[in-house]
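Colleague: Quick one: sequence and predicted model below, then my questions.
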Amino acid sequence: MKKAVIYAHVSSKEQEREGFSIPAQLKLLREYASRNDFSILKEFVDIETAKTSGRRNFDQMVYFFTKNRDCRIVLMEKTDRLYRNFRDAVTLEDLDLEIHLVKEGQIISKEAKSQAKLIHGMQLVLARNYIENLREEVKKGMGEKAQQGVYPGRAPFGYRNNKADRSIEIHGAHALIVIRIFELYASGKHSLSELRKAVRGETGKTISRGYLHTILTNPFYTGQFQWGGTLYRGTHDRFLSPDLYERAQVVLCGHNKPKYRKHEIAFRGLLRCAQDNCTITAQFKKGKYVYYRCTGHRGKCATPRFTEAEMGKRLGEVLQSIQIPDEILASLHQSFTCDQKRWEEEAAAQRNQLEQRLAAVRRRMDQPYQDKLDGQLPVEFWERKMVEWTEDER
């Protein structure tokens with residue numbers, strides 16, 4: 001009895017969710033193996049795109065053949081289930097395999113007739129053309145989606161993709177972490193490394209330094225997003241104020257970016273000279289006195305030096321003259337109250353959505369259980385689906 005392996009593949013999650021593609025392939029290939037007296041050593045199943053090489057179980061199958069030289073036969077449904085790029089075809093050819101394409105009624109090997117190899121090569125080109133055309137259509141569809149204001153990719157940290165209605169919604173707990181990240185960094189007291197430690201200390205969430213930079217520069221949180229080099233106005237809800245976002249950008253990219261020096265100076269980077277518009281710089285004297293003076297980049301300046309105490313007193317006189325009228329305070333209070341009510345209503349709506357999704361997931365888990373007991377569902381397919389459903393439930 002000849003030894004063989006089975007390889008089944010669907011090229012998208014949508015095909016896998018149909019619930020019959022993989023089981024149908026496995027049933028067809030097992031029956032073919034039984035009719036032709038093949039002993040099945042192993043079954044490999046991939047449920048992912050085949051646009052590029054590197055499919056997980058495809059790679060495992062290649063590794064299996066390199067370690068088991070006495071097994072040279074692979075059973076497949078048809079050409080486009082096995083490979084859709086030339087690199088995969090060359091990889092299998094170098095392994096000197098005998099490939100049985102059951103639905104196409106072909107056996108491809110080095111001993112196959114030239115006509116069979118020609119037809120197989122044509123099918124490989126057609127499969128390549130199919131995936132390239134599919135890629136173009138997907139890219140076009142995603143571009144149209146972006147133009148409509150719907151982000152066509154994976155939601156950034158602070159949001160999540162709602163698979164039920166294919167929308168992007170706010171992730172309550174993560175959104176609070178994002179707001180805190182911006183608040184901490186906009187204060188100008190943290191480098192990205194220090195920010196990482198502060199976020200981990202306050203929230204318990206470990207975020208890499210590089211991803212913190214990605215979060216801080218992502219306009220998605222202000223209601224916009226980049227796609228294909230173009231900035232679009234998104235339809236998703238925002239939870240970060242544009243003012244806070246801009247303050248973080250000033251610290252990150254502007255000339256007021258903190259230098260993280262040993263001494264804290266109250267008014268560093270905030271003042272300009274009234275005479276020549278140069279920056280007012282600060283200096284430590286005798287290790288405890290702070291003096292402010294014009295940098296004099298445009299020539300000698302007559303502005304005298306000031307101590308920090310004198311600078312604080314003069315700025316205080318300006319601030320004392322600023323008052324907020326009672327009617328403005330009342331308006332602000334009313335606005336804050338309305339905002340709080342709106343956030344509470346949104347939180348309640350999100351909780352309700354989550355409860356509905358959780359109920360739907362549990363119904364999805366319960367319904368096929370009887371089919372499994374009755375033997376209508378393959379055990380491997382059931383176990384794989386249960387892993388996915390359990391993750392959705394969690």
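Modeller: Everything's here; your move.
Colleague: tell me the domain boundaries of this protein?
Modeller: Here the domain parsing of the chain from automatic domain parsing is 2-143, 149-260, 262-321, 325-393.
Colleague: residue ranges with poor pLDDT in the stretch 201-350 of the chain?
Modeller: The model of the stretch 201-350 of the chain has pLDDT under 70 over residues 254-263, 287.
Colleague: Would you map the strands across the chain?
Modeller: 2-10, 38-47, 73-76, 98-101, 106-108, 159-162, 167-170, 224-227, 230-233, 280-285, 289-294, 306-307 (DSSP state E).
Colleague: Specify the stretch among these that is closest to Gln356.
Modeller: strand 159-162 (10.9 Å; Cβ to Cβ). (C-beta placed from N, C-alpha, C; glycine too.)
Colleague: Deepest in the core, which of the strands of the chain is it.
Modeller: strand 73-76 (a mean of 23; mean count of other Cβ atoms under 10 Å).
Colleague: so what strands line up beside that one?
Modeller: strand 2-10 (parallel), strand 98-101 (parallel) (DSSP bridges).
Colleague: can you give me the offset of that strand from its chain's centre?
Modeller: Averaging C-alpha positions (Cα atoms, centre = their mean, to the nearest Å) puts strand 73-76 36 Å from its chain's average.
Colleague: pretty sure Lys117 contacts Lys110?
Modeller: No. Assessed by Cβ atoms under 8 Å, Lys117 is found out of contact with Lys110, at 9.2 Å.
Colleague: neighbour count winner among these two?
Modeller: For the pair Lys117 and Lys110, the greater number of neighbours falls to Lys117 (14 against 9), based on other Cβ atoms under 10 Å.
Colleague: Tell me the pLDDT of that one.
Modeller: For Lys117, the model assigns a pLDDT of 75.
Colleague: Check Tyr369 too.
Modeller: Tyr369 carries a pLDDT value of 66.
Colleague: And the one 3 residues further on, by the same measure?
Modeller: At Lys372, the predicted lDDT confidence score is 66.
Colleague: So what would you say the end-to-end distance of stretch 197-214 is?
Modeller: 17 Å (Cα to Cα, to the nearest Å).
Colleague: returning to what we had before: which of the strands of the chain sits closest to Thr214?
Modeller: strand 224-227 (11.6 Å).
Colleague: CA-only coordinates of the closest one in CSV, if you can.
Modeller: Extracted C-alpha coordinates of strand 224-227, given in CSV (Å, rounded to 0.1, in the frame of the first residue of the first chain):
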residue,chain,number,x,y,z
GLN,A,224,-9.2,60.7,10.1
PHE,A,225,-7.1,57.9,8.6
GLN,A,226,-4.4,57.4,6.0
TRP,A,227,-5.0,54.9,3.1
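Colleague: could you dump the strands paired with strand 73-76 to a markdown table with mean pLDDT and distance to Lys140?
Modeller: Supplementary listing: the strands paired with strand 73-76 in a markdown table, determined by pLDDT from 0 to 100; distance: least, Cβ to Cβ, whole Å:
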| stretch | mean pLDDT | distance to Lys140 |
| --- | --- | --- |
| strand 2-10 | 89 | 23 |
| strand 98-101 | 89 | 31 |
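Colleague: any chance of those in JSON lines, with distance to Ala164 too?
Modeller: Output for the strands paired with strand 73-76, formatted as JSON lines (distance: least, Cβ to Cβ, whole Å):
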{"stretch": "strand 2-10", "distance to Ala164": "21"}
{"stretch": "strand 98-101", "distance to Ala164": "38"}
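Colleague: So which elements touch the lengthiest helix in the chain?
Modeller: In the chain, assigned by DSSP state H, the helix with the most residues is helix 326-373. Applying 3 or more Cβ pairs under 8 Å, 6 or more residues apart in numbering; DSSP states H and E, one finds that helix 326-373 makes contact with strand 167-170, helix 379-393.
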